[in-house]
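Visitor: coordinates only, no sequence provided:
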């Protein structure tokens, strides 16, 4: 399957392998996998980036090249790359600051197997007793006719190219937001249209979480509750929604927390009920609201979760206990409704400002912008 970024992949291969490039593209399962994972390059900042699995490959191949195995040496005798070094390196890469260990440990291999179920090779080899890793060299050596080609450096170049493309897209996204901030008072309809466009199933997971938070923060902003420990000393307090950290953080399944009610919110794009219940178990079966990146109706989403639960757990008491922990399900249409209500309350500009602020934090935009300004000044 070819898409916009496929052109970039083939350009790298032609630069490095000339007339053999097309055959290498067709024969290499690793290149085919990367081609599939880089589809979002042509969809701008809104599409899911898939850096976790790509960077798992990247850091191990980078170690392979650093030790010269792409040119000579017996890689089978190599002691392997240490997990800590690979993991630290992942987090140094663009958009890699919050990556977890799942891709290195299993997720990348599992997904690769889905694309190539008949393949004889797993991309990442791992010795759990020593916590050392290797790339499967069979996937790096491609035979064309009588010649063998090593694609290690090409893979690094392709993934670097993809990261740069996504960086540029996110910078353009933030700049678009900032331009809208300048005209929000005169053409608010453009701002509304822009934000609604960010509420879509194909939007990057991090952007969806940021936009969801910004909308819900100001949707709840004017809602108040009265509470207190004594009847003659009651407090009136506005509901406040807090973001617990960066997106994809290892925070035990809590993305937002609401005070003073103590409500928990988790943003998700999966309909895998096991993931929902894992989140519920992490917080000791405390009630949680799921914000789901789906256009499907809320009742339909709940029914799917319950049907899958009943198939797995035959005991009604267990099913009811888990389902009772789902305090509320918020889908994309409901977010649209709550956005419009927040706009009516006069919070359109606040929502856009919050999206800009959170995006800059999430994508380290300020650092990138400073670098661009310095480079332009030097030129």
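Guide: Sure, I can see it. These numbers come from a predicted model, not from an experiment.

Visitor: ok but residue 226 is inside a strand, no?
Guide: Yes - Residue 226: assigned to a strand according to DSSP: H, G, I helix; E, B strand; the rest coil.

Visitor: measure it to residue 11 for me?
Guide: 64 Å (CB to CB, to the nearest Å). C-beta: built from backbone N, CA, C; applies to glycine.

Visitor: out of those two, which sits in the busier spot?
Guide: Neighbour tally, residue 226 and residue 11, criterion other CB atoms under 10 Å: the higher count belongs to residue 11, 14 against 8.

Visitor: what's the helix or strand for that one?
Guide: helix 6-17 (DSSP states H and E).

Visitor: following that helix in sequence, what is the next regular element?
Guide: helix 21-27.

Visitor: for residue 93, see how far away the most centrally placed residue in the chain is.
Guide: By CA atoms, centre = their mean, the mean C-alpha position of the chain lies nearest to residue 205, the distance being 4.9 Å. Counting by CB to CB, the gap from residue 205 to residue 93 is 18 Å.

Visitor: so what touches stretch 114-133?
Guide: 29-30, 32-33, 36, 56-57, 60, 79-84, 86, 104-105, 108-109, 112-113, 134-136, 138-139 (CB atoms under 8 Å, 6 or more residues apart in numbering).

Visitor: can we see that at 7 Å?
Guide: Stretch 114-133 is contacted from outside by 29-30, 33, 36, 56-57, 60, 79-83, 86, 104, 108-109, 112, 134-136, 138-139, using CB atoms under 7 Å, 6 or more residues apart in numbering.

Visitor: which residue ranges of this protein form strands?
Guide: 81-82, 124-127, 132-135, 141-144, 147-150, 224-227, 235-238, 240-243, 256-259, 263-268, 288-292, 326-330 (DSSP state E).

Visitor: which among the ones you listed is found nearest to residue 5?
Guide: Of all those, the one in closest proximity to residue 5, counting by CB to CB, is strand 141-144 (20.1 Å).

Visitor: what pairs with the closest one, parallel or antiparallel?
Guide: According to DSSP bridges, strand 141-144 forms sheet pairs with strand 147-150 (antiparallel).

Visitor: would you mark the buried spots in the strand it pairs with?
Guide: 149, 150 (16 or more other CB atoms under 10 Å).

Visitor: where does pLDDT dip in this structure?
Guide: 40-49, 98, 245-253, 273, 363-379 (pLDDT under 70).

Visitor: domain ranges for it?
Guide: According to automatic domain parsing, the chain is divided into the following domains: 6-165, 184-375.

Visitor: ok, which of these comes nearest residue 173?
Guide: domain 6-165 (3.7 Å).

Visitor: tell me which residues of stretch 188-198 come out buried.
Guide: Neighbour-count burial for stretch 188-198 [16+ other CB under 10 Å]: 191, 192, 194, 195, 198.

Visitor: so of those residues, which ones are in helices?
Guide: Using DSSP state H, 191, 192, 194, 195 are the members of the buried residues of stretch 188-198 that sit in helices.
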